[in-house]
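J.: no sequence on this one, just coordinates:
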């Protein structure tokens, strides 16, 4: 049975912007990612974090509950000639059932907000190497033009759309980042440090529309046979807002790295 996450997966893989290179440089330095380490991408989606890390790791295990997301990730890995990624269907509640080898780094994107914040670090304590750790990546973004929400409300206002933690660029704020830090500080990985990078990205109309379809709460499955009408109305509203057809959005990416306290 199709889900909103399934219908959003191709758009997610195509339109979600990559994370900054500085993030991977930080992780490579902090966890000695020299091609000999093993990485777990938990709640991986199509590998937004895991695919770039594959170039730095011996092996990456990408875990997600949605088969369509895993299929998109597998396709992208093949396109880029990355053979050192295993795509596993599962969720954070079943870490112990995945039979993973010793992990040096676990990365978690927006899906952290759908996970049990106490259980997940406790379960990871059993699989992470002594000098291993967790990196939770959070995106804090400016809002889209109001017309985007107005069109979504008009077409999808009566739909019981799921909360989508993958949509962190639209829902998270500074309070959410502080919550991540506080949760990890109370876990076995209580040594917590956060680094941030800010960037502004220019989007075309096609990209803004594609990003709305990449969200479970406004993906193609929710608009159904009104998808074409929704897209046409969104394009019209965007061009009425800015006839030039370009939209700049500022995003702050935060990496909260948590490791065990020094002994």
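T.: Good, I have the coordinates. Note that the structure is a prediction, hence the values are computed from the model and not measured.

J.: count of neighbours near residue 67?
T.: Number of residues near residue 67 (other Cβ atoms under 10 Å) recorded here: 14. Heads up, the C-betas are built off the backbone N, CA and C, glycines and all.

J.: again, but for residue 125
T.: Applying other Cβ under 10 Å, I find that residue 125 has 14 neighbouring residues.

J.: ranges for the helices of the stretch 101-250 of the chain?
T.: Applying DSSP state H, counting those that start in this stretch to the stretch 101-250 of the chain gives helices spanning 119-124, 146-156, 168-171, 174-185, 205-213, 220-223, 227-241.

J.: which one of these lies closest to residue 138?
T.: Among the helices of the stretch 101-250 of the chain, the nearest to residue 138 by Cβ to Cβ is helix 174-185 (5.2 Å).

J.: Three-state assignment for residue 17, please.
T.: Using DSSP: H, G, I helix; E, B strand; the rest coil, the secondary structure recorded for residue 17 is coil.

J.: got any ranges where the protein has weak pLDDT?
T.: The chain contains residues with pLDDT under 70 at 1-3, 158-175.

J.: so which residue is dead centre in it?
T.: Against the mean C-alpha coordinate of the chain, by Cα atoms, centre = their mean, the closest residue is residue 109 at 4.1 Å.

J.: next one: that one from residue 157, what distance?
T.: 28 Å (Cβ to Cβ, to the nearest Å).

J.: again, but for residue 221
T.: From residue 221 across to residue 157, the span is 16 Å (Cβ to Cβ).

J.: who has more neighbours, the two?
T.: Between residue 221 and residue 157, counted using other Cβ under 10 Å, residue 221 has the larger neighbour count: 18 against 8.

J.: list the contacts of the residue nearest to that one when sequence neighbours are not counted.
T.: Excluding the flanking residues, the one nearest residue 221 by Cβ to Cβ, 6 or more residues apart in numbering is residue 7, at 3.8 Å. The contact partners of residue 7, taken as Cβ atoms under 8 Å, 6 or more residues apart in numbering, are 68, 213, 219, 220, 221.

J.: in a markdown table, list the helices of the stretch 101-250 of the chain along with distance to residue 55.
T.: Below are those laid out as a markdown table (distance: least, Cβ to Cβ, whole Å):
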| stretch | distance to residue 55 |
| --- | --- |
| helix 119-124 | 23 |
| helix 146-156 | 34 |
| helix 168-171 | 24 |
| helix 174-185 | 26 |
| helix 205-213 | 25 |
| helix 220-223 | 32 |
| helix 227-241 | 35 |
